[in-house]
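Participant: sequence unavailable; structure follows:
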């Protein structure tokens with residue numbers, strides 16, 4: 001996007017999670033123009049109920065020109081195909097981007113939540129990956145700052161019948177304890193290093209703070225705040 005046009009943007013950035021929906025307004029460089037506000041994710045978390053919650057969330061927000069949304073599932077061209085923490089049966093095939101555009105009257109881009117966080121974190125050089133450690137494991141892959149096709153790596157088997165979500169998700173951490181969980185994480189990091197051959201790996205999410213093993217020089221822990229710029233970069237650095 002041309003610099004002059006980008007400078008005129010103000011972006012409503014929304015992060016949809018299993019427990020809360022958060023939002024803020026960003027300038028074109030990803031600087032927050034107001035503090036994050038959140039509301040509880042509705043139950044059931046149907047598309048209509050989530051849109052109603054978003055409308056409540058942003059009722060007092062400053063004006064904005066564009067909208068970025070991070071969604072916890074597989075998203076392709078604004079259409080939701082999986083929603084493990086919200087209910088895939090409610091979401092599969094839903095054109096969420098178009099639904100939000102109709103409600104908010106602004107252009108909307110919807111991507112996987114880890115993808116949006118990855119956009120805000122990466123340096124934009126080489127092959128960079130992000131994993132998020134929370135309820136499950138989020139994953140994003142970028143090359144020279146551009147998102148590559150989203151991979152639902154968290155649902156790939158890592159051992160026996162367990163996928164990454166089951167193997168290192170929050171339920172596993174609580175069940176087996178930090179020490180055994182760190183042993184599992186060491187295995188996961190070895191697999192990612194071998195399979196992806198990344199230049200840099202970033203680790204975020206609420207459970208990243210439970211990592212105790214030494215990390216390679218090209219692995220960095222990051223916070224959710226580090227990924228805030230992703231909502232802006234979704235418009236300024238992506239085709």
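Facilitator: Yep, that arrived. The model shown is predicted, which means the values in this text are computed figures rather than measured ones.
Participant: please count neighbours and contacts with C-alpha atoms only from this point.
Facilitator: Noted.
Participant: if we look at stretch 229-236, which residues are touching it?
Facilitator: Stretch 229-236 has contacts (CA atoms under 8 Å, 6 or more residues apart in numbering) with 1, 6, 11-14, 26-31, 67-69, 109, 116-121.
Participant: swap the cut-off to 7 Å and go again
Facilitator: The contact list for stretch 229-236, computed with CA atoms under 7 Å, 6 or more residues apart in numbering, reads 1, 6, 11, 13, 26, 28-31, 68, 116-120.
Participant: any of these buried? List them.
Facilitator: Restricting those to buried positions leaves 6, 11, 13, 26, 28-30, 68, 116-120, with burial counted as 16 or more other CA atoms under 10 Å.
Participant: contacts for whichever strand or helix holds residue 99?
Facilitator: Using DSSP states H and E, the secondary-structure element containing residue 99 is helix 96-104. The contact list for helix 96-104, computed with CA under 7 Å, 6+ apart, reads 78-80, 107-110.
Participant: at 6 Å what do you get?
Facilitator: Helix 96-104 has contacts (CA atoms under 6 Å, 6 or more residues apart in numbering) with 78-79, 107-108, 110.
Participant: which one of those is nearest residue 191?
Facilitator: Distance ranking of the contacts of helix 96-104 against residue 191, using CA to CA, places residue 110 first at 29.1 Å.
Participant: now residue 108, nearest residue through space, not along the chain?
Facilitator: residue 67 (4.6 Å; CA to CA, 6 or more residues apart in numbering).
Participant: now the helices: where do they sit in the protein?
Facilitator: Secondary structure of the chain (DSSP state H): helices at 3-6, 47-57, 88-91, 96-104, 113-121, 164-168, 170-196, 230-236.
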